[in-house]
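Novice: Sequence first, predicted coordinates after that:
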Amino acid sequence: QVQLVESGGGLVQAGGSLRLSCAASGSIFSINAMDWYRQAPGKQRELVAGITSGGRTTYADSVKGRFTISRDNAKNTVYLQMNSLKPEDTAVYYCNANALVLLELHARDYWGKGTLVTVSS
């Protein structure tokens with residue numbers, strides 16, 4: 001199994017910055033993509049940013065130019081640097097990892113419990 005633990009959320013004023021981290025642990029053989037999702041109250045969960053094991057990144061249009069995703073493969077950790085935050089970025093941010101664990105044949109998705117980001121106007 002894989003455990004994902006997010007950290008770095010909190011309260012910040014509009015225009016401010018936060019850096020989220022997500023560390024994966026467990027019987028990991030390999031991790032493919034690692035992604036950040038978010039879910040605002042009353043809204044569906046949406047993909048914010050993703051990064052492959054090779055470093056290829058993708059971003060939602062709403063965060064392009066403001067957020068940067070990165071990962072440290074040696075530490076099985078993914079980061080999300082969030083700059084120029086807006087009130088509409090307020091949400092619970094979830095980490096997702098597509099990972100292959102020891103003794104299993106296929107990779108599957110694992111989720112963290114989320115970290116709350118609140119941006120005040």
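Specialist: Happy to help now that I have it.
Novice: roughly how far apart are residue 6 and residue 83?
Specialist: Going from residue 6 to residue 83 by CB to CB, to the nearest Å gives 18 Å. From N, CA and C alone the C-beta is placed, and that goes for glycine too.
Novice: what about these two, which has more around it?
Specialist: The neighbour count for residue 6 versus residue 83, taken as other CB atoms under 10 Å, is higher for residue 6 (22 against 14).
Novice: Geometrically speaking, which residue is the centre of the protein?
Specialist: residue 36 (2.7 Å; CA atoms, centre = their mean).
Novice: any idea which element that residue lies in?
Specialist: strand 28-39 (DSSP states H and E).
Novice: Same question for residue 22.
Specialist: strand 18-26.
Novice: Now tell me what touches that strand from outside.
Specialist: Residues outside strand 18-26 that contact it (CB atoms under 8 Å, 6 or more residues apart in numbering): 1-10, 12, 31, 34, 36, 75-82, 85, 93, 95, 97, 99, 101, 110, 112, 115, 117.
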